[in-house]
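Peer 1: Please find the sequence and the predicted model below.
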Amino acid sequence: GDKRIGHKEVLSHALYPAVFKDYLAFEKTYGKIDKLPTHMFLRPMTAGEESQLHLGPGKDYYIRLDHIGEFDEDLGTRTVTLQVNGENWFIRTPDTVTTTLDSQAGGGAAPKRREKKDPTRKGSLGTPMPGQVVSVSVEDGDEVKEGQTLLKLSAMKMETEIKSPISGTVTRLLVKQGDSVE
């Protein structure tokens, strides 16, 4: 792709490998944040707060955080309502803070939200679309070859084969037949 490895990336990985890996996973999930003002990243907005975001010539956004919805225990998410240049945006976002605080306090079960693939781990695999697992062809510990069918997914009345991206050993299988996936 258009990804480049420069001095900053090499030094960041050399000095702080775990932090750099977390940053890459964050960037893969949320996109580039280099244009986001530091105060917006370090001190998240509160309901009713407004801010201006300048992303370049002719790319000015006026943002107002209208509402942060209740924590959805089943999905581990919250719905956030924003106004961007006067237009309402409704965004469902993961809430790992509430999940972590609940588990540390001994309250509430972990959300039923399924773990997502780790973009920094070679061979980690997810599904390309929401659907239902029709069949699973492998188990933990099985040896697989690149391109081998691992499972079949039914989505939009079509079956899709999910194949192994690399040869290796299945170390963690997180789905079974009949599971719904996102």
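Peer 2: Sure thing, it's come through.
Peer 1: In three-state terms, label residue 70 for me.
Peer 2: What DSSP: H, G, I helix; E, B strand; the rest coil gives for residue 70 is coil.
Peer 1: Could you number the chain from 47 rather than 1 from now on?
Peer 2: I'll keep to 47 as the first residue from here, and by that count the last item is residue 116.
Peer 1: and the gap between it and residue 135?
Peer 2: For residue 116, the distance to residue 135 (CB to CB, to the nearest Å) stands at 18 Å. All C-beta atoms are positioned from the backbone trio N, CA, C, and that covers glycine.
Peer 1: On the pLDDT front, check residue 164 for me.
Peer 2: In this prediction, residue 164 carries a pLDDT score of 73.
Peer 1: can you give me the end-to-end distance of stretch 172-190?
Peer 2: From its first residue to its last, stretch 172-190 covers 16 Å (CA to CA, to the nearest Å).
Peer 1: Oh, that last question was meant for stretch 125-136, not what I typed.
Peer 2: Stretch 125-136: ends 7 Å apart by CA to CA.
Peer 1: neighbour-wise, which of residue 116 and residue 135 wins?
Peer 2: Neighbours around residue 116 and residue 135, counted as other CB atoms under 10 Å, are more numerous at residue 135. The numbers are 12 against 8.
Peer 1: what are the phi and psi angles of residue 210?
Peer 2: phi -70, psi 130 (degrees, to the nearest 10).
Peer 1: do you know how far it is from residue 140?
Peer 2: On the measure of CB to CB, residue 210 and residue 140 end up 27 Å apart.
Peer 1: How about residue 111?
Peer 2: From residue 111 to residue 140 the distance is 17 Å (CB to CB).
Peer 1: in this structure, which spans are helices?
Peer 2: Using DSSP state H, the helices of the chain run over 53-61, 63-76, 84-88, 142-151.
Peer 1: Which one, of those, ends up nearest to residue 162?
Peer 2: helix 63-76 (8.3 Å; CB to CB).
Peer 1: contacting residues for the closest residue to residue 106 other than its chain neighbours?
Peer 2: In space, and not counting its chain neighbours, residue 106 is closest to residue 100: 5.4 Å by CB to CB, 6 or more residues apart in numbering. Applying CB atoms under 8 Å, 6 or more residues apart in numbering, we find residue 100 in contact with 81, 106-107.
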